[in-house]
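S.K.: I need the structure of the sequence given here:
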Amino acid sequence: MITSSEILACASSLLVRNGYEEGTNVALSDIDRGSHRIFEDAYGIVAVVVFSSWQDLVAKWTDVQGAFVELISTSVAREESKSWEGYLALLTPGLVAESEQGQIERISQDTGRVRKLITTGAHLQDQSDVETALLSLLPLQEAAEVSSNDNILSRLPNLLSGPNLSKEAISSVVQAFQEQSPLVEALHSYLGAK
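M.R.: Presented below is the predicted three-dimensional model:
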């Protein structure tokens, strides 16, 4: 199981690798410096706060939110668009009792001051889970380009063939498509040559 300090280190590394700048001289007032980090990019400000237990998160999240809002209001001009783009990631390796699951939703839906992302021990077992927890803060990754040797058309004969449709028949139609020739004529030619 991942520890609180590993969660914070992993989150910090992940955000910095994805274009965020860590506010090394910035901290939330009256909140343990060892439990949180502040990040900023061109679009918004993120506070990542790790709690040792679910009970600790429930007891302190409103204080953390207040300190975060105060930090944003004193550090970012009101007319800057990022003053409205505050994200508070509340993370804990602690487990949540079944009877308290509704509180996760309640806290997450409270977007009156900042948006909140909550991930608890059930979904925070290793470093890949930290990335999943912060995924909505990360930039979209460009899809890998499909090489000309590995395009979807070359895959069609294997994908579509079956007992009533041979790979060869599909290949002849695909080839006609690529050559911009009439598809039905290609299929008739294939069937006539058979």
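S.K.: what sits up against the helix or strand of the chain with the lowest mean pLDDT?
M.R.: Least confident helix or strand, the chain: helix 152-160 with a mean of 80, by mean pLDDT, DSSP states H and E. With contacts defined as Cβ atoms under 8 Å, 6 or more residues apart in numbering, helix 152-160 is touched by Val146, Lys167, Glu168, Ile170, Ser171, Val174, Phe177, Gln178. Heads up, the C-betas are built off the backbone N, CA and C, glycines and all.
S.K.: count the neighbours of Ile152 for me.
M.R.: For Ile152, the neighbour count with other Cβ atoms under 10 Å is 9.
S.K.: before we move on, the earlier item: and the contacts of helix 152-160, which two are the farthest apart?
M.R.: Val146 and Glu168 (23.8 Å; Cβ to Cβ).
S.K.: in what helix or strand does Ile38 lie?
M.R.: strand 36-40 (DSSP states H and E).
S.K.: can you map out the strands along the chain?
M.R.: Ranges of strands in the chain, per DSSP state E, are 21-22, 36-40, 45-50, 86-91, 115-119.
S.K.: hang on, Asp126 packs against Thr3?
M.R.: No: contact between Asp126 and Thr3 fails when scored by Cβ atoms under 8 Å: they sit 11.1 Å apart.
S.K.: spatially central residue in the chain, please.
M.R.: Leu135 (1.7 Å; Cα atoms, centre = their mean).
S.K.: and it, how far is that from Gly86?
M.R.: According to Cβ to Cβ, to the nearest Å, Leu135 stands 18 Å off from Gly86.
S.K.: got the domain ranges for the chain?
M.R.: 4-137, 148-193 (automatic domain parsing).
S.K.: those domains: lowest mean pLDDT?
M.R.: Of all the domains of the chain, mean pLDDT reaches its minimum on domain 148-193 (a mean of 82).
S.K.: how far is that one from where the chain is centred?
M.R.: 38 Å (Cα atoms, centre = their mean, to the nearest Å).
S.K.: and stretch 19-34, by the same measure?
M.R.: For stretch 19-34 - counting by Cα atoms, centre = their mean - the centre lies 22 Å from the chain centre.
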